[in-house]
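In: Structure for the following, please:
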Amino acid sequence: MSLLVERAEDFDLESLRKITPINSSFIRFLEEYLLSDDRMPIFLLGPKGSGKTFGIMKALETSVERDKKLLPVVFTYRQDGRSGILDPLKLASPETWGERYYVYNSCCNREDLLNNANVIVEDDIHYRFEALVKGKESPEVFVEDLKRSLEEVYHGKKFILVSEDLLSSYAEKLKIDEFDEILPRFGELPLDPKKYLKYRNKRNYLAHREIPISYEEWLNLFDAYHVEADEPVKEFLYSSNSEPRAFVRFFKLFQQKERVTIDDLAKKALEILPKKVKSKEEQRVYEFLFHFFRL
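Out: Sure thing, here's the model as predicted:
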């Protein structure tokens, strides 16, 4: 169960290669963009856990091997305010990178990476916007970073922004004039906040129903992550919350188990539940399990 992680950037290269994508057309779209002559940025929008980062990593893995001149840099952001740069060895081996790997090691800062890279990815950029809203980051620095990356597109570099929310929704809160120029380049126009909230709720509802579309397709996760479980466990988990991240959180509770059984579920519930519930009838245990991964 070593393949179970909540965030795709936590995969090592071996694990990334083992997982077969469910939505291969999305990855092909990214591969075509990376290897094309297009001089335009891409904005990837989707709910948490819908495979945006995983798709980018899979596309970069194959593209780096095909195009020996491709040098991507992936800036990552997290909800707790942390930021970083994706380790290039998560995308390819040192042998595949060749001399390009030494370029990474020679870069001392963001500016050096931007100068040398020809693919720029800002993953989970919405967390950086949230930091702006909270006053934890300088608007001037952020705007300059965006403008700089967009300028690189004119020189043939690829630029991908990844977000869970429309950037326009943050622009309404921040009131930064430069966004009036920047956002249309990602296909975004000024937005009515009330209309956006309605749109986002509908989008997330549809996305969560479509990922996976059916029980049969959802079962592919077990093969993809090399997880063994009894049929009642599979049916229970799908009924309670069929989102891929819920799947990961669930089975991380059983890292040492070769196969998860319905008895394992009951025992784990008894470990987690408050003591006063332990004396209740078994049905209470299963009710708790049913709702646990909705939290």
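
In: Pop the domain breakdown of the protein in here.
Out: Using automatic domain parsing, the domain ranges for the chain come out as 8-209, 212-292.

In: Pick out the shakiest of those domains, pLDDT-wise.
Out: Out of those, domain 212-292 stands lowest, with a mean of 69 (criterion: mean pLDDT).

In: Not counting stretch 87-107 itself, show me its contacts.
Out: Stretch 87-107 is contacted from outside by 9, 11-13, 16, 57, 60-61, 64-65, 68, 71-72, 112-113, 116, using CB atoms under 8 Å, 6 or more residues apart in numbering. The way it works is simple: take the backbone N, C-alpha and C, and place the C-beta from them, glycine included.

In: Go through that stretch and flag the buried ones.
Out: 88, 90-92, 96-97, 100-101, 103-104, 107 (16 or more other CB atoms under 10 Å).

In: Now find how far off-centre that stretch is within its chain.
Out: Stretch 87-107 sits 22 Å away from the centroid of its parent chain (CA atoms, centre = their mean, to the nearest Å).

In: ok, back up a step: which of the buried residues of stretch 87-107 lies closest to His226?
Out: Lys90 (18.9 Å; CB to CB).

In: quick one: contacts for Glu31?
Out: Contacts of Glu31 (CB under 8 Å, 6+ apart): 59, 62-63.

In: Within the helices and strands, which one has it?
Out: helix 24-34 (DSSP states H and E).

In: Please apply the same query to Thr76.
Out: Thr76 belongs to strand 72-77 when assigned by DSSP H and E.

In: Within the sheet, what are the partner strands of the helix or strand just after that strand, with directions?
Out: Going down the chain from strand 72-77, the next helix or strand is strand 83-85, by DSSP H and E. If you go by DSSP bridges, strand 83-85 pairs up with strand 72-77 (antiparallel).

In: buried stuff in the partner strand?
Out: Buried, per 16+ other CB under 10 Å, within strand 72-77: 72-77.

In: Ok, stretch 110-119 next?
Out: Residues of stretch 110-119 classed as buried by neighbour count (16+ other CB under 10 Å): 113-114, 117-119.

In: Now render these as TSV, adding secondary structure and distance to Pro232.
Out: Formatted as TSV, the buried residues of stretch 110-119 follow (DSSP: H, G, I helix; E, B strand; the rest coil; distance: CB to CB, whole Å):
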residue	secondary structure	distance to Pro232
Leu113	helix	49
Leu114	helix	52
Ala117	coil	49
Asn118	coil	50
Val119	strand	45
